[in-house]
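based on what follows, work out the 3D shape:
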Amino acid sequence: MQNPYNLEVYKMSYELSKDVILEIENIKGKFRLQEQLLGAITSIPANLMEFCSMNKPAQQSEKLRTCIGEAFEAEYWLNLCKDLELIEKTKCEQFLERLIEVRKKLFSLRDSVKDRED
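You can find the predicted model right below:
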């Protein structure tokens, strides 16, 4: 069992989640979009917490696949917010850059877990 607070990817995704929440809390009339983005972006650190409770590499790998999927979904919603001008373009691009870094770290962590599966 790992301590999630020692994982750089957990720290990065948690901070990104907080920043996105604060940015979109005042968007008016787009509740469904907010709900979807918040669900995707907050699922990444939440699933990493669960990942750390698992001992079997196959379980850990599956949890990381979920995180990666949520990262792709969050990217979609952030791009939509940017294109609809619900989040200022520069701010949204910063979120996207951070999200892509998180996703790269998730892939790397998944690869290291998969190596233990073999």
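
list the contacts of the residue positioned nearest the centre of the chain.
Nearest to the geometric centre of the chain sits Ile44, at 3.7 Å (C-alpha atoms, centre = their mean). By C-beta atoms under 8 Å, 6 or more residues apart in numbering, Ile44 lies in contact with Ser13, Leu16, Ser17, Cys67, Glu70, Ala71, Ala74, Val102, Leu106. (Each C-beta comes from the backbone N, C-alpha and C, glycine too.)

7 Å instead, please
Applying C-beta atoms under 7 Å, 6 or more residues apart in numbering to Ile44 gives the contacts Ser13, Cys67, Glu70, Ala71, Val102.

can you tell me the helix or strand for the last one?
Right, the one you point to is Val102. helix 89-117 (DSSP states H and E).

same for that helix, what does it pack against?
helix 8-24, helix 57-83 (3 or more C-beta pairs under 7 Å, 6 or more residues apart in numbering; DSSP states H and E).

what about Ile100, distance to Arg32?
25 Å (C-beta to C-beta, to the nearest Å).
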